[in-house]
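J.: Provided below for reference: sequence and predicted model.
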Amino acid sequence: MPNPTFPIPLPAHLCRFSAFYPKHAPAVPKELAAAKAGPAEAEAVALALRDFPLPLPSKKKDYTCQAPGQDGAVWYGAKTGLTYYDPGAARLEDRVRYFSAQRDLPDNEVLALLPAEAPAENVREAVWVLTKTGATHITLRWTTPQEQAELLLAETLEVVDRRGMVSQRHLSVPYRPETKVPYNESDNDGCFTAGFAIGEMLHYAVFRRELGEDHPETQRARKTATRAAEACLLLMYMPGRGNGFVARTYMTPHEPIPAGGLYFRKQGDQAICVTTHNTLRDGIAGTIIDASAPVPERLAHLYKDEGFTGDGLVYKADTSSDEITLHFAHLWFLHTILGPADPELDQLARDAAKALMRHIIEHGYEMHDFGGEPTTWSKWSERYFSFGSLGWYDSCLNAAEVLMYLRVTMAITGESDPWQAAFDELIGKGYAELPALHHDRLVQGTMAMDIDPIEEIMFGDHMLATMAFWPLITLEPDEALKEKFRAGFRAWRGTIAREYNPGYDLPFHLACPDDAIDWERLTAWFGRSPASRLGASVTTARQDIPLRARWGGSRETAALLADDERFVAKYDRNPYEFRDEEGGTTLMESGYVYTFAYWIGRYYGIFEDQAD
């Protein structure tokens, strides 16, 4: 499939917005209750749907009411949700849209519909929906992709951001972002924040190119990108061990510490192992270790600005390759985009990369925790690769990861010694050949377990593979090695390509420009992503999407649901999974899933917002 002419125009699209009310709230029109469907209307709906030209998400017999929309569109209410039919939609897949509880409706039993006046010029549709337990005002608004990126960024900064770290945030009241709790930790704060930071650095670079450095919007984007970059770097300096060890996340004294895991509380020049289920079991609670390496003031301001000092901060150890891989990718972008105008930040990035890379090399290509043993998942050594089936399988991705770390370290420091020698050593040990074996080993391993490969794969590894191979292929000067690494990236396409996710496919295109990409599906992705990352449930059991059983017994939807009609998740879940909920109405996820992909497309000239 030949590539299209770039940049591909991204048209404005219809974003759905729902406002929830109690049934008898003053804002709810009295006419809504009066419009409650009776037998006559149900009969009229059944007649209207008798020869409906497309599959419907609810059974035809379950539709009980209808309301006219704009330009021939129709709303249909059912006992199992709300359907919007727009026969004039350009894409066949956009002609039938499904609205369900709890993202769009209080519950799925629709009792009445009432057309509403469009509250703004950019609103295509507005309708009141009465259900068994409440009322909803739904609007469909014309939104450009950049406007949606800005909406999601604003939501992320207002609700999710925690001293620059971005993962998710719990709410004390459902649907109410203003009720965010004052704490929230994720043991993957490092990797999620790094992905967000990369997107925002590209955002800044696009504005700098198009608007100029001094434009207020450019400066705002730079401030956001810099704060996220500082938050990532802070995790690399937080432990204070002086040996390059990186923290997964950290908490201030007012934040509760989870009951499980490996945590250290800093006090002066020392850190004390916090009592948890794990540390009690292992007999290490109360262990005192070194924490004398200072946190640079440039980074410490993130917690000092909130009134905290270094004393009492708690960081999580047992760091994984998830964090390390995204950290190195982030350092590459930081050096490239922010570094030239911010030498202080660039120097901190270079020093962090060298300290971490030195730690990995000196510990036999592993990250070792305080006790001298490797962490659970940060292992890139031959020792691990020969350790049973897990190391045998992991070696294909982990080999690419550590080679990428070395290439990034050389690129941002401008130094070859000792990094090139370590790179050559690993190449001599066959690390360049391992990545291409990923698919074969995945299939062989899952056949032995009598399950489907899709049931075994960790979907977060899709982002790890993307962020390992993209910088590695880009930075590799040797064409023969570059082709080996491309073969490794292609070995992941069997499980990645079916997601039609630009966050994966755009980096793949940049690394493997001659390979086929479904550009129509990627363009459509931007038009069907939700305008909020609230983790509210959706209804996956619907009449128009059959289910598929996997060998091991898990179930998937047989077709990929539109992103605004499936559960909200980060880059770490199977989008075909038959599930309704990820976090619920009291969890707000970061918007970086959208912003990361969008700003990659804009920065590299692959996409642009359509002018009209």
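T.: Nice, I can see it.
J.: can we go C-alpha only for contacts and neighbour counts from here?
T.: Will do.
J.: By mean pLDDT, flag the weakest helix or strand of the protein.
T.: Among the helical and strand segments of the chain, the one scoring lowest on mean pLDDT, DSSP states H and E is helix 453-456, with a mean of 84.
J.: by contact count, what packs against whichever helix in the chain runs longest?
T.: Taking DSSP state H as the criterion, the chain has its longest helix at helix 388-413. Helix 388-413 makes packing contacts with helix 321-333, helix 343-362, helix 382-385, helix 419-428, helix 438-449, helix 460-475 when contacts are defined by 3 or more Cα pairs under 8 Å, 6 or more residues apart in numbering; DSSP states H and E.
J.: Off-centre distance for it?
T.: 22 Å (Cα atoms, centre = their mean, to the nearest Å).
J.: mind listing the strands in the stretch 501-612 of the chain by residue range?
T.: Counting by DSSP state E, counting those that start in this stretch, the stretch 501-612 of the chain has strands at residues 534-535, 547-549, 555-557, 584-589, 607-609.
J.: Break this protein down into its structural domains.
T.: Taking automatic domain parsing as the reference, the chain has its domains at 13-143, 380-517.
J.: picking that back up, of the helices and strands packed on helix 388-413, flag the one that's most buried.
T.: Across the helices and strands packed on helix 388-413, averaging neighbours per residue (mean count of other Cα atoms under 10 Å) puts helix 321-333 on top, at a mean of 25.
J.: Alpha carbons of that one, as CSV, please.
T.: Written as CSV, here are the backbone C-alpha positions of helix 321-333 (Å, rounded to 0.1, in the frame of the first residue of the first chain):
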residue,chain,number,x,y,z
SER,A,321,12.2,-1.7,32.3
ASP,A,322,8.9,0.1,31.6
GLU,A,323,10.3,3.1,33.4
ILE,A,324,13.8,2.8,32.1
THR,A,325,12.8,2.5,28.4
LEU,A,326,10.5,5.5,28.5
HIS,A,327,13.0,7.5,30.5
PHE,A,328,15.7,7.0,27.9
ALA,A,329,13.3,7.9,25.0
HIS,A,330,12.3,11.0,27.0
LEU,A,331,15.9,12.0,27.4
TRP,A,332,16.4,11.8,23.7
PHE,A,333,13.5,14.2,23.0
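J.: Run through the neighbouring helices and strands of that helix.
T.: Packing contacts for helix 321-333, counted by 3+ Cα pairs under 8 Å, 6+ apart, involve helix 189-211, helix 343-362, strand 374-379, helix 388-413, helix 460-475.
J.: could you dump those to TSV with distance to Ala120 and mean pLDDT?
T.: Shown next, in TSV, are those (distance: least, Cα to Cα, whole Å; pLDDT from 0 to 100):
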stretch	distance to Ala120	mean pLDDT
helix 189-211	28	98
helix 343-362	44	98
strand 374-379	51	96
helix 388-413	48	96
helix 460-475	38	97
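J.: Of all these, which one is nearest Leu157?
T.: helix 189-211 (10.9 Å; Cα to Cα).
J.: Which other helices and strands does the helix or strand following the closest one contact?
T.: For helix 189-211, the following helix or strand on the C-terminal side (DSSP states H and E) is helix 216-237. Applying 3+ Cα pairs under 8 Å, 6+ apart, one finds that helix 216-237 makes contact with helix 189-211, helix 297-304, helix 343-362.
J.: Now the longest one: buried residues?
T.: Residues 189-208 are the ones in helix 189-211 that count as buried (16 or more other Cα atoms under 10 Å).
J.: what's the answer for the shortest one, then?
T.: Of the residues in helix 297-304, those buried by neighbour count under the rule 16+ other Cα under 10 Å are 299-303.
J.: how about low-confidence regions in the stretch 1-150 of the chain?
T.: 1 (pLDDT under 70).
J.: Which residue ranges of it form helices?
T.: 30-34, 39-49, 145-155 (DSSP state H, counting those that start in this stretch).
J.: same for the shortest one, what does it pack against?
T.: Spelled out, it's helix 30-34. Using 3+ Cα pairs under 8 Å, 6+ apart: helix 30-34 touches strand 110-115, strand 123-131.
J.: These: which one's closest to His13?
T.: Using Cα to Cα, the nearest of the helices and strands packed on helix 30-34 to His13 is strand 123-131, at 10.1 Å.
J.: tell me the angle the closest one makes with strand 110-115.
T.: 150 degrees (axes from the mean of the first three to the mean of the last three Cα atoms, to 10 degrees).
J.: Show me how far strand 123-131 is from its chain's centre.
T.: Worked out by Cα atoms, centre = their mean, strand 123-131 lies 30 Å from the chain centre.
J.: Pull out the buried positions in it.
T.: 123-131.
J.: can the helices and strands packed on helix 30-34 go into CSV with extra columns for distance to Ala46?
T.: As requested, the helices and strands packed on helix 30-34 are exported to CSV (distance: least, Cα to Cα, whole Å):
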stretch, distance to Ala46
strand 110-115, 15
strand 123-131, 19
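J.: Give me the buried positions along the helix or strand where Thr495 lies.
T.: Here Thr495 sits within helix 493-496, counting by DSSP H and E. Applying a neighbour-count criterion of 16+ other Cα under 10 Å, the buried positions in helix 493-496 are 493, 496.
J.: residues in contact with it?
T.: The contact list for helix 493-496 (Cα atoms under 8 Å, 6 or more residues apart in numbering) reads 439, 454, 462, 504.
J.: just to revisit the earlier point, distance to Leu547 added to the helices and strands packed on helix 388-413, as JSON lines?
T.: Output for these, formatted as JSON lines (distance: least, Cα to Cα, whole Å):
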{"stretch": "helix 321-333", "distance to Leu547": "31"}
{"stretch": "helix 343-362", "distance to Leu547": "45"}
{"stretch": "helix 382-385", "distance to Leu547": "37"}
{"stretch": "helix 419-428", "distance to Leu547": "44"}
{"stretch": "helix 438-449", "distance to Leu547": "21"}
{"stretch": "helix 460-475", "distance to Leu547": "23"}
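J.: quick one: the spatially most central residue of the chain and Asn188, what's the gap?
T.: Centroid-nearest residue in the chain: Lys570, 3.2 Å away (criterion: Cα atoms, centre = their mean). Taking Cα to Cα, to the nearest Å as the measure, Lys570 falls 11 Å from Asn188.
J.: likewise Gly583?
T.: In terms of Cα to Cα, Gly583 sits 16 Å off from Asn188.
J.: residues contacting Cys160?
T.: Not Cys; residue 160 is Val. 166-169, 588-590 are the contacts of Val160 under Cα under 8 Å, 6+ apart.
J.: For PyMOL, write the selection for the buried entries among those.
T.: Command for PyMOL, covering only those of the contacts of Val160 found buried under the criterion 16+ other Cα under 10 Å:
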select buried, resi 166+167+168+169+588+589+590
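J.: quick one: which two of the contacts of Val160 are the most distant?
T.: Within the contacts of Val160, two members stand farthest from each other by Cα to Cα: Val166 and Met588, at 10.7 Å.
J.: thinking again about what came up before, may I see the strands of the stretch 501-612 of the chain organised as a markdown table, with mean pLDDT and distance to Pro177 added?
T.: Shown next, in a markdown table, are the strands of the stretch 501-612 of the chain (pLDDT from 0 to 100; distance: least, Cα to Cα, whole Å):
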| stretch | mean pLDDT | distance to Pro177 |
| --- | --- | --- |
| strand 534-535 | 94 | 9 |
| strand 547-549 | 87 | 34 |
| strand 555-557 | 89 | 31 |
| strand 584-589 | 93 | 8 |
| strand 607-609 | 98 | 29 |
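J.: hmm, back to that, now tabulate the contacts of helix 493-496 in JSON lines and tack on distance to Phe370.
T.: Formatted as JSON lines, these follow (distance: Cα to Cα, whole Å):
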{"residue": "His439", "distance to Phe370": "35"}
{"residue": "Ile454", "distance to Phe370": "36"}
{"residue": "His462", "distance to Phe370": "30"}
{"residue": "Tyr504", "distance to Phe370": "35"}
